[in-house]
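Novice: Sequence and computational prediction follow.
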Amino acid sequence: MRLIVCDSQKDIANFGANMIAEVMASKKDAVLGLATGSTPIPMYAELVRRYEAGELDFSTVRSVNLDEYYPLAPDNDQSYRYFMNHQLFDHINIDKNNTNVPDGLAQDPSAACAAYEQLIRELGGIDIQVLGIGGNGHIGFNEPAETLDPLTHLTDLTEDTIRANARFFASEADVPRHALTMGIGTILSARRILLIATGAAKAKAIATVLSGKLTTSCPASLLNLHEDVTILCDCDAVSLCDEKTLAAFA
Ligand code: F6R
C-alpha cells in the first residue's frame with residue numbers, strides 16, 4: 001500500500017489523473033473502474049481538462065462503475081449514471097456504449113449482478129479501480145457488517161450512509177434504501193486500486209485502513225490484501241494517524 005498526502009485538492013486531482021493517464025498510455029482499451037461521490041470530482045475535471053487540451057484520448061477506453069442506487073432510474077438526476085454523464089462522460093470522447101453502471105431499475109437484481117460480474121470478466125478485468133471511502137469505512141456500497149459479499153450484489157444502505165448522502169437529495173426520506181454494488185472481491189480483482197480520501201470525516205476510516213489490520217467493520221481495511229493500492233489523501237484525512245504509522249509509509 002502506498003500513501004500520498006497532498007497539500008491541495010489540485011495536487012490530488014493531478015496525481016489521480018496522472019495514474020489514470022498512465023494506465024491509458026499502457027493499454028489503448030483500458031478498463032477504468034470509476035466511483036461517484038464528491039471526492040473524485042476534481043480529478044474528473046482534470047481528466048476533462050486534459051482531454052480538451054488534446055492530452056488524453058478516451059475513444060477506445062471502457063469503464064465500469066462501482067455502484068448504483070436501487071431502485072433509481074438512470075435519468076434521475078441523483079442516479080450515479082446521471083452523475084457520471086454530467087461529471088465526465090459528456091465532456092470527453094468516450095463512447096457511452098463502452099460505459100457501464102449497474103442497472104438501478106433491474107427487474108431481477110440478482111441476475112443483473114451476475115451479468116455485471118460476467119461483463120467485467122468479458123472486458124478482461126478492471127485495470128484501475130478508483131474508490132472513495134465512506135466515513136464508516138465503506139467502499140462502493142460495501143457497508144460495515146459481520147460478513148461481506150465478495151461479488152456484485154444488492155445491498156441495504158446503513159443509516160450512516162443514508163444520512164451522509166442525504167445532502168444530494170431533497171430530503172433524507174428521498175435517499176434510496178438499497179444499492180447495487182461491486183463486492184469486495186470484485187474490487188480486489190482490479191489490477192490497481194486508487195483510493196482518494198479528503199476531509200476529517202474520513203480520518204477514522206483511513207487510520208483503520210493504514211493500521212494494516214483487517215476488519216469487516218471497516219470494509220476498506222480489506223484493501224490491505226491487495227498488492228497495488230495507492231491511497232491519495234489530504235492532511236485532514238490522515239489527521240488521526242499516529243507518527244509511527246505515517247513514517248511507515250514515508
Ligand atoms: C461512490 C461510492 C461511495 C463513495 C463514498 C464517499 O460510487 O461507491 O463508496 O465513494 O461514499 O463519498 P464522497 O466522495 O461523497 O465522500
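Specialist: Yep, it's here.

Novice: Could you list the buried residues of the lengthiest helix in the chain?
Specialist: Looking across the chain with DSSP state H, the single longest helix is helix 9-26. Residues of helix 9-26 classed as buried by neighbour count (16 or more other C-beta atoms under 10 Å): 9, 12-17, 19-20, 23-24. Heads up, the C-betas are built off the backbone N, CA and C, glycines and all.

Novice: show me where this protein has helices.
Specialist: 9-26, 41-52, 80-87, 109-122, 159-165, 184-188, 203-210, 243-248.

Novice: now these in CSV, with mean pLDDT and distance to the ligand?
Specialist: Converted to CSV, the helices of the chain look like this (pLDDT from 0 to 100; distance: least, C-beta to the nearest ligand atom, whole Å):
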stretch, mean pLDDT, distance to the ligand
helix 9-26, 98, 12
helix 41-52, 98, 8
helix 80-87, 98, 6
helix 109-122, 98, 14
helix 159-165, 91, 7
helix 184-188, 98, 10
helix 203-210, 98, 10
helix 243-248, 91, 22
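
Novice: can you redo those helices as a markdown table with distance to A35?
Specialist: Shown next, in a markdown table, are the helices of the chain (distance: least, C-beta to C-beta, whole Å):
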| stretch | distance to A35 |
| --- | --- |
| helix 9-26 | 11 |
| helix 41-52 | 10 |
| helix 80-87 | 9 |
| helix 109-122 | 15 |
| helix 159-165 | 13 |
| helix 184-188 | 10 |
| helix 203-210 | 15 |
| helix 243-248 | 25 |
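
Novice: before we move on, back to that, alpha carbons only: can I get the longest helix of the chain in PDB?
Specialist: This file holds the C-alpha atoms of helix 9-26, laid out as PDB (Å, rounded to 0.1, in the frame of the first residue of the first chain):
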ATOM      1  CA  GLN A   9      -7.200  19.400  -4.000                       C
ATOM      2  CA  LYS A  10      -5.400  20.400  -7.100                       C
ATOM      3  CA  ASP A  11      -2.500  18.200  -6.300                       C
ATOM      4  CA  ILE A  12      -4.800  15.300  -5.600                       C
ATOM      5  CA  ALA A  13      -6.600  15.800  -8.900                       C
ATOM      6  CA  ASN A  14      -3.300  15.900 -10.700                       C
ATOM      7  CA  PHE A  15      -1.800  12.900  -9.100                       C
ATOM      8  CA  GLY A  16      -5.000  10.800  -9.600                       C
ATOM      9  CA  ALA A  17      -5.300  11.900 -13.300                       C
ATOM     10  CA  ASN A  18      -1.600  11.000 -13.800                       C
ATOM     11  CA  MET A  19      -2.300   7.500 -12.600                       C
ATOM     12  CA  ILE A  20      -5.300   7.100 -14.900                       C
ATOM     13  CA  ALA A  21      -3.300   8.600 -17.800                       C
ATOM     14  CA  GLU A  22      -0.500   6.100 -17.100                       C
ATOM     15  CA  VAL A  23      -2.900   3.200 -17.300                       C
ATOM     16  CA  MET A  24      -4.500   4.600 -20.500                       C
ATOM     17  CA  ALA A  25      -1.000   5.100 -22.100                       C
ATOM     18  CA  SER A  26       0.000   1.500 -21.300                       C
END
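
Novice: Which other helices and strands does that helix contact?
Specialist: strand 2-6, strand 31-34, helix 41-52, strand 128-131, strand 192-197, strand 229-234 (3 or more C-beta pairs under 8 Å, 6 or more residues apart in numbering; DSSP states H and E).

Novice: now with 6 Å?
Specialist: Under the contact definition 3 or more C-beta pairs under 6 Å, 6 or more residues apart in numbering; DSSP states H and E, helix 9-26 sits against helix 41-52, strand 229-234.
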